[in-house]
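In: show me the folded form of this:
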Amino acid sequence: MKKYFLILIALNATLPTVNAGTNLVDNPIEAAKAISAAFEQVAETISPSLVTIQSKQEVQVRRGNGYQPRGFNLGLGSGLIISDDGYIITNAHVIEQADEIAVSLPNGETVNASVVGTDPKTDIAVIRITVEIALDAAVLGDSDKVRVGEIVIAAGNPFGLSASITSGIVSAKGRGNVGITDYEDFIQTDASINQGNSGGPLVNLDGEVIGINTAMLGRNGNIGIGFAIPINLVKDIVEDLRDDGEVTRGFLGVRISEITSEYASELDVQNGIFVSAVYKDSPAMEAGIQAGDLITQLNGDPVQELSKFRLKIAGISPEEVVLLTVLRNGKFIEIKVTLGML
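Out: Have a look, this model is predicted:
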C-alpha cells in the first residue's frame, strides 16, 4: 500500500474531495479514480490552448538548365496559444523554410498564420493568427520550480492525432550537451514525445506549462527519453521575438571545452572550462583572456558545465560587464569583460 501513499502525496494539490472517512490508502480503487480525475482535469485545462500547425514548402529540382517546381514538403507539429490576441509558440524546426503556415484550432477551424520571429539556436518560434473567436491562452508556469520526479503531462498532435495527452515524470533537469540546439538547458522526461509533438507543451499537475516539447532521443520513435525547453527560457525568447523579431545575445568570443576529471585533479580545481582559443578582436581578447586559461567563475558563481556557461553568457545583454575568474599559470586572476553582441 505504500506506493499508493507516495503517489497521493504528489497529487495532493489536484485531487478531488472525497467523502469524510474515506481512506484512499486503504481503498486502491478510489485512489486510482482520484489519480485519473487529476489527469482529466489537466487535460481539460490545456486542450483549449493546443493547436495543430501545418507547414507547406515548395520544393524544386534541377531539370536541364533550370529549376522546375516539383511539389511540396508538408510538415506537421504542435503549437500553444499564449495570448488572446493570437500569439502562438511552436518549435522553429516545425515552420523552418515554410512558404505557408496553417493553424488548426480546437474548434476545428483552420486559419493562416504569419511568422513573428524564429530563434533556431533554441528551436523556438512565435507565429500569429487573426481570428474573431475568443482564444484560450495557456497559463505559463515557473520552470525553476520543477523538481525531478514530479509527474508531468505532454500534450500535442503526434502523427497528426490531435490533442493527444501522455504522462510521465521529470527524469532530469538542466540537461545540456545533448546536441539538439546551440543553447541547451532541457527538462528531460519519459512522457511519450513523438513526431508531431514538437512545439506542444509539457504541463505540471496544476495545469501550468513548464516547457515546450522539442525532441526525442532516437530516430525510430519514442524510447522513453524526451526533451522540453524550460518555459522560463522560452518566455525570454518570446519577449525578444515579439518586440524585435529576433533574439539579441551576449558575446564573449572564445572557443571553450570541458575539462576531464584527471586534468581537474592535476590543476587541483573542482570545476572550470578550458579556453582553447580566443577570437581576434573579440571582447575576450580586448579584456585579456588568453588561450590556455581555465574559467572557473562567472560573476562569482562556479562554472560547472560548458552548455550552462554558454547559456548564461548568451542571456546577458550586450555592453554589460561580466567578471570572470580564471586560472592561469597556477594563479587565480579576475578579469572584467564588456560583452559584445551575437
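In: quick one: the strands in the stretch 1-150 of the chain?
Out: Listed in chain order, the strands of the stretch 1-150 of the chain (DSSP state E, counting those that start in this stretch) span 50-63, 66-81, 87-90, 100-104, 110-112, 114-119, 124-128.
In: so what's residue 320 closest to, chain neighbours aside?
Out: Distance criterion Cβ to Cβ, 6 or more residues apart in numbering; nearest residue to residue 320, sequence neighbours excluded, is residue 339 at 5.6 Å. Where C-beta positions appear, they are placed from N, C-alpha and C, glycine not excepted.
In: need phi/psi at that neighbour.
Out: phi -70, psi 150 (degrees, to the nearest 10).
In: how close does it sit to residue 295?
Out: According to Cβ to Cβ, to the nearest Å, residue 339 stands 14 Å off from residue 295.
In: again with residue 93
Out: 31 Å.
In: before we move on, what about residue 256?
Out: Taking Cβ to Cβ, one finds residue 256 at 7 Å from residue 295.
In: residue 306: which of the strands of the stretch 1-150 of the chain is closest?
Out: Taking Cβ to Cβ, strand 114-119 is the member of the strands of the stretch 1-150 of the chain nearest to residue 306, at 20.1 Å.
In: hey, what's the angle from that closest one to strand 124-128? Just curious.
Out: Following axes from the mean of the first three to the mean of the last three Cα atoms, to 10 degrees, one obtains 170 degrees for the angle between strand 114-119 and strand 124-128.
In: about what we covered before: the residue nearest to residue 320 reaches residue 315, doesn't it?
Out: No. In this structure, residue 339 is not within contact of residue 315 by Cβ atoms under 8 Å, at 10.6 Å.
In: what residues are shared contacts of the two?
Out: Listed as contacting both residue 339 and residue 315 by Cβ atoms under 8 Å, 6 or more residues apart in numbering are residue 250.
In: so between the two, which is more surrounded?
Out: Neighbours per residue (other Cβ atoms under 10 Å) separate residue 339 from residue 315, with residue 339 holding more: 23 against 13.
In: who's in contact with the more buried one?
Out: Residue 339 neighbours (Cβ under 8 Å, 6+ apart): 250, 251, 252, 283, 313, 316, 317, 318, 319, 320, 321, 322.
In: helices along the stretch 101-250 of the chain, start to end?
Out: Applying DSSP state H, counting those that start in this stretch to the stretch 101-250 of the chain gives helices spanning 231-244.
In: from residue 106, how far out is residue 134?
Out: 11 Å.
In: again, but for residue 74
Out: 21 Å.
In: and the residue nearest to residue 201 when sequence neighbours are not counted, what's its pLDDT?
Out: Take residue 201 and drop its neighbours on the chain: the residue closest to it by Cβ to Cβ, 6+ apart is residue 209, 4.3 Å away. With respect to pLDDT, residue 209 scores 98.
In: the longest helix in the chain is where?
Out: helix 28-46 (DSSP state H).
In: buried residues in that helix?
Out: For helix 28-46, burial by neighbour count (16 or more other Cβ atoms under 10 Å) applies to 30, 31, 34, 35, 38, 39, 41, 42, 43, 45, 46.
In: pLDDT-wise, which helix or strand of the chain ranks last?
Out: Lowest mean confidence among the helices and strands of the chain (mean pLDDT, DSSP states H and E): helix 2-10, at a mean of 34.
In: what's the one helix or strand residue 313 maps to packed up against?
Out: Using DSSP states H and E, residue 313 sits in helix 306-314. Packing partners of helix 306-314 (3 or more Cβ pairs under 8 Å, 6 or more residues apart in numbering; DSSP states H and E): strand 250-251, strand 254-258, strand 294-298.
In: which of those strands sits closest to residue 191?
Out: strand 254-258 (29.2 Å).
In: hey, C-alpha coordinates of that closest one in CSV?
Out: Provided in CSV are the C-alpha atoms of strand 254-258 (Å, rounded to 0.1, in the frame of the first residue of the first chain):
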residue,chain,number,x,y,z
VAL,A,254,36.2,32.3,-27.0
ARG,A,255,36.4,28.6,-28.1
ILE,A,256,35.9,26.5,-25.0
SER,A,257,35.8,22.9,-23.9
GLU,A,258,35.1,20.9,-20.8
